[in-house]
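J.: Predicted structure and sequence below. I'll ask about it afterward.
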Amino acid sequence: MKTLQIEYEHDFYQWIYKNIELLKQRKFSELDVDTLVDELESMAKRDKRELISHLMILIAHLLKWQFQPEQRSGSWQGSIDEQRLRILQQLEESPSLHNFLTESIAASYPNALKLANKETKLPMQLFPQACPYSIEQLLDENFYPLTFNIV
């Protein structure tokens, strides 16, 4: 067990494969269980953070698309398309992340709003206080929001 803890601190890759081998050989008593549990929890959190990050970029670009139509560009569209693909791929690889979409959208929106505000230089109060796009719209490859008319 001590050897595994030392490996973890000095060679993470080797530590992973040592634990994999112990699992395959069903040598459960030799596993570095506490650290293994910590790493698995970290992986789950990382996947949620990654989902939030992709949603943040997607929503920021959709806001820019909607609220600053005169600046629309192929790069904005490319970013929207890329983030959707990354989100869909992540949801395909980990379908249970669907359960966290609503909370992930809510978590990503404040930073998406800050990005859109900073990049467009439009007043913050012009943007909706909550995400104006549904889950279906965010994941729909053909959805691009209509232009918002500033009066």
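T.: Good, I have the coordinates.
J.: Just the mean pLDDT for the helix or strand containing residue 52, thanks.
T.: Using DSSP states H and E, residue 52 sits in helix 33-67. Averaged over helix 33-67, pLDDT sits at 93.
J.: List the buried residues for that helix?
T.: By neighbour count on 16 or more other CB atoms under 10 Å, the buried set for helix 33-67 is 35-36, 39, 47, 50-67. In short, each C-beta sits where N, CA and C put it, glycine included.
J.: With stretch 4-21 instead?
T.: 4, 7-8, 15, 18-19.
J.: closest to residue 82 among the residues you listed?
T.: Using CB to CB, residue 15 comes nearest to residue 82 of those, at 33.4 Å.
J.: Touching, the closest one and residue 22? I think so.
T.: No. Applying CB atoms under 8 Å as the test, residue 15 and residue 22 come out as separate, 10.7 Å apart.
J.: quick revisit: would you mind putting the buried residues of stretch 4-21 into JSON lines with distance to residue 147 and pLDDT alongside?
T.: As requested, those are exported to JSON lines (distance: CB to CB, whole Å; pLDDT from 0 to 100):
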{"residue": "4", "distance to residue 147": "58", "pLDDT": "71"}
{"residue": "7", "distance to residue 147": "57", "pLDDT": "72"}
{"residue": "8", "distance to residue 147": "53", "pLDDT": "75"}
{"residue": "15", "distance to residue 147": "53", "pLDDT": "84"}
{"residue": "18", "distance to residue 147": "57", "pLDDT": "88"}
{"residue": "19", "distance to residue 147": "54", "pLDDT": "88"}
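J.: My read is that residue 66 contacts residue 146, right?
T.: Yes. Assessed by CB under 8 Å, residue 66 is found in contact with residue 146 at 6.9 Å.
J.: Nearest spatial neighbour of the spatially most central residue of the chain, chain-adjacent residues omitted?
T.: Residue closest to the average C-alpha location in the chain (CA atoms, centre = their mean): residue 51, at 1.8 Å. Take residue 51 and drop its neighbours on the chain: the residue closest to it by CB to CB, 6 or more residues apart in numbering is residue 104, 5.0 Å away.
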